[in-house]
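1. Fold the following, please.
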Amino acid sequence: MTQIAAAATAPTPPEDALAAEMSAMGQKARKAARALALAGPEVRTRAIAGMAKALRKRADQVLAANAADLDAAKTKGMATAMMDRLALDATRLDGVIGALESIAAIPDPVGVETARWTPENGLDIARVRTPIGVLAIIYESRPNVTADAAALAVRAGNAVILRGGSECLRSNLAIHAALVEGLEGAGLSPDTVQIVTTRDRAAVGHILTGLDGSIDLLIPRGGRSLVERVKADARVSVLGHLEGVNHVYVHESADPATARAIAVNAKMRRVSVCGAAETLLIDKAVADSLLPLIAADLTAAGCELRGDEATRALVPDAIAASEADWSTEFLAAIIAIRVVDDIDAALDHVARFGSGHTESIIATDDKAIERFLAEADAGIILANASTQFADGGEFGFGGEIGISTDRLHARGPVGAEQLTSFKYAIRGKGQTRP
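-> Numbering: from 1, shown residues only. Alright, predicted model coming up:
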């Protein structure tokens, strides 16, 4: 039995043993974080590049582990959307490796001076980016998060403790083995990136306590129930990643061809990603002429339509939308459609039902575009572009840990820069304060 298989099938440790194991992980992460913060950017670059190289070398092992996870998930009756999130193939794994290579190539944020000034007291004050310290990331289903999160944490000078879902434990362990190889090849401690190897959910409870003060920031990435539990029970700072109840709003000035292309892509490119559109809003001024065309496009792509009364009058095949549909992240080939009076009504709908993730307007009227960009409340607002661009890689971040729906510290895609804090470096000439 391989080491990965043995860990994936290991019995649950007694509670006292688990508590001691988790506490030790925190202590090792704290020590590793100090060493990583002092390592130069070239060392961090070498480590991340080494992770990518090791992952490419171990591709067959990773894909075999993922196949075992998929078989187990299928036996348990996992939903199709979740299976899609869990699945890796050669193309997807190559994308994961490419993301690591991109993260290795982006500028190192640690030590970057973001501002400098001299007030009347004559002090030379600089604001400088610094690592946060020790991160803990709890996530579900997506094995690519294991690689992305580790590389971004290292790029920002942070040690990290990863706790993925039990459904992808084999995949995560196989990826983690490659990450450790990259770290050690660069002369960094393997404790820089640790992964929880037990399926026992009690491990999450220990992480939520902060592991005796070792954890500086906790990042949950998953469904509403996970994020709400973490925010309710955590004893450390939390950077939230909530669901993506995202809207595409077709303004009366929209170019019809653009509206049709974006509506289909935003919903159907990949229905299981958090950037997928879940609701289509369309101005009544163009609904008669344009909505049947968009609806036909979506139906041809295999999408189920759920609409309000005005929508169903124009698209008889649409199912009646329930009140719950407007606030649902379907993560499936389902979209809710509402005909709205104007941009005021569209913004009101977004304000009421949006999750603060991603919103898009399709329009040629510059005033409408600028108003939507200014007034829609979300981490990402697009004009004339698909919501599926809600991705750190598409922003040039190399990758992302998630899309933050919080308003403090970081919002939108969380890349390396968003995983830093700052300090003030002040140089004086003997000043004393009167």
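2. Just give the closest residue to D84, not the sequence neighbours.
-> Leaving aside its chain neighbours, D84 sits nearest to S272 (4.4 Å; criterion: C-beta to C-beta, 6 or more residues apart in numbering). Bear in mind the C-beta positions are built from the backbone N, C-alpha and C, glycine included.
3. you'd agree the one you found is up against A81?
-> Yes: under the criterion of C-beta atoms under 8 Å, S272 makes contact with A81 at 4.3 Å.
4. and the residue nearest to D84, what is it in contact with?
-> 81-82, 84-85, 331-332 (C-beta atoms under 8 Å, 6 or more residues apart in numbering).
5. Pick the one among these closest to L408.
-> L331 (26.6 Å; C-beta to C-beta).
6. how close does the closest residue in space to the closest one that isn't next to it in sequence sit to A73?
-> The shortest distance from L331 to any non-neighbouring residue, by C-beta to C-beta, 6+ apart, is to A81 (4.2 Å). Remark: distance between A81 and A73 (C-beta to C-beta, to the nearest Å) = 12 Å.
7. shared neighbours of the two, which are they?
-> Counting by C-beta under 8 Å, 6+ apart, nothing touches both A81 and A73.
8. list the helices and strands the longest helix anywhere in the chain packs on?
-> Taking DSSP state H as the criterion, the chain has its longest helix at helix 15-38. For helix 15-38, the packing partners by 3 or more C-beta pairs under 8 Å, 6 or more residues apart in numbering; DSSP states H and E come out as strand 124-131, strand 134-139, strand 159-163, strand 193-195, helix 202-208.
9. pLDDT (mean, whole number) over it?
-> Averaging pLDDT along helix 15-38 yields 95.
10. Stretch 349-363 now?
-> The average pLDDT for stretch 349-363 rounds to 96.
11. what's the following helix or strand after the strand or helix carrying P220?
-> In this structure, P220 sits in strand 217-221 according to DSSP states H and E. Using DSSP H and E, the helix or strand that follows strand 217-221 in sequence is helix 224-233.
12. Which SSE is immediately downstream of that following helix?
-> On the C-terminal side of helix 224-233, the nearest following helix or strand under DSSP H and E is strand 246-250.
13. Run through who's touching that next one.
-> 259, 262-263, 266-267, 275-283, 286, 290, 294, 340, 343, 346, 349-350, 353-355, 357-362, 372, 378, 387, 390.
14. And the next helix or strand after it, what does it pack against?
-> The C-terminal neighbour of strand 246-250 among helices and strands, as given by DSSP H and E, is helix 256-268. Counting contacts by 3+ C-beta pairs under 8 Å, 6+ apart, helix 256-268 is packed against strand 246-250, strand 277-283, helix 284-300, strand 358-362.
15. and the angle from the first one to strand 358-362?
-> When you say that, I think you mean strand 246-250. 10 degrees (axes from the mean of the first three to the mean of the last three C-alpha atoms, to 10 degrees).
16. With the second one instead?
-> Here the directions of strand 277-283 and strand 358-362 differ by 30 degrees (the same axes, to 10 degrees).
17. Report the strands that pair with strand 277-283, each with its relative direction.
-> Looking at strand 277-283 with DSSP bridges, its partner strands are strand 246-250 (parallel), strand 334-340 (parallel).
18. For whichever strand or helix holds A104, buried residues please.
-> A104 belongs to helix 90-105 when assigned by DSSP H and E. Across helix 90-105, burial judged by 16 or more other C-beta atoms under 10 Å covers 93, 96-97, 99-104.
19. Now stretch 140-152: average pLDDT?
-> Rounded mean pLDDT across stretch 140-152 is 93.
20. Just give me how far that stretch sits from the chain centre.
-> Averaged C-alpha coordinates place stretch 140-152 at 9 Å from its chain's average position (C-alpha atoms, centre = their mean, to the nearest Å).
21. For the helices and strands packed on helix 15-38, could you give me CSV that also reports mean neighbour count and distance to P14?
-> Below are the helices and strands packed on helix 15-38 laid out as CSV (neighbours: other C-beta atoms under 10 Å; distance: least, C-beta to C-beta, whole Å):
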stretch, mean neighbour count, distance to P14
strand 124-131, 17, 34
strand 134-139, 27, 22
strand 159-163, 27, 19
strand 193-195, 25, 20
helix 202-208, 20, 10
